[in-house]
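J.: Provide a 3D model corresponding to the input given below.
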Amino acid sequence: MARFVREVMTAGVTAVPPDASLVEAAQLMRAQDIGNVLVTRAGRVIGVLTDRDITLRAVAEGADPLTVSAQAVCTRPPVCVGPDDEVATAVSLMRRHAVRRLPVVAEGRPLGMVSLGDVANHYDAGPTVEF
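T.: Below you'll find the predicted structure:
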């Protein structure tokens, strides 16, 4: 069984600069078939922007997604883990902060993402119902 985040994470990230519009971020999410992007400045993670953030923090408030920046509605500061953190630590953070994905960073620089799906794929939970 995997013990460390580096063993279960998905390497690589999709990122936008802080001044990217929500439309740009949403189009990138659609093109990559993902639900979030990192917001980075000078190669360092400053926030996480999800499709839900765009919907609830901008569109539902009547904001124009062409003029609102990613930085304005992203989650800051982001909850992150390191590649050498234990998987249990990542799962605990996901539960505590009610998130499904965490950026994996080293010295502020993004290396990848770890999701509940990544964790589930590496653990055999066994049958969900036993007779």
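J.: Check whether Thr10 really touches Met113, as I assumed.
T.: Yes. Using CB atoms under 8 Å, Thr10 makes contact with Met113 at a distance of 5.3 Å. (Each C-beta comes from the backbone N, C-alpha and C, glycine too.)
J.: Of these two, which one has the most company?
T.: A direct count of neighbours by other CB atoms under 10 Å for Thr10 and Met113 places Met113 higher, at 22 against 16.
J.: Kindly indicate whether the more buried one is helix, strand or coil.
T.: Recorded secondary structure, Met113: strand (DSSP: H, G, I helix; E, B strand; the rest coil).
J.: Just grab the bridge partners of it for me.
T.: Judged by DSSP bridges, the bridge partners of Met113 are Thr10, Pro103.
J.: That one against Val5, yeah?
T.: No. Met113 is not in contact with Val5 according to CB under 8 Å; the separation is 10.1 Å.
J.: Quick check: neighbours shared by the two?
T.: The contact sets of Met113 and Val5 overlap at Val104 (CB atoms under 8 Å, 6 or more residues apart in numbering).
J.: quick one: buried residues of the lowest-mean-pLDDT helix or strand in the chain?
T.: Across the helices and strands of the chain, mean pLDDT, DSSP states H and E gives its lowest value to helix 116-122, namely a mean of 87. Neighbour-count burial for helix 116-122 flags 118-119 (criterion: 16 or more other CB atoms under 10 Å).
J.: Could you do stretch 33-46 as well?
T.: Residues 34, 36-40, 45-46 are the ones in stretch 33-46 that count as buried (16+ other CB under 10 Å).
J.: Quick one: those residues as JSON lines, columns for distance to Ala106 and secondary structure too.
T.: Shown next, in JSON lines, are those (distance: CB to CB, whole Å; DSSP: H, G, I helix; E, B strand; the rest coil):
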{"residue": "Ile34", "distance to Ala106": "21", "secondary structure": "coil"}
{"residue": "Asn36", "distance to Ala106": "19", "secondary structure": "strand"}
{"residue": "Val37", "distance to Ala106": "19", "secondary structure": "strand"}
{"residue": "Leu38", "distance to Ala106": "14", "secondary structure": "strand"}
{"residue": "Val39", "distance to Ala106": "18", "secondary structure": "strand"}
{"residue": "Thr40", "distance to Ala106": "14", "secondary structure": "strand"}
{"residue": "Val45", "distance to Ala106": "11", "secondary structure": "strand"}
{"residue": "Ile46", "distance to Ala106": "16", "secondary structure": "strand"}
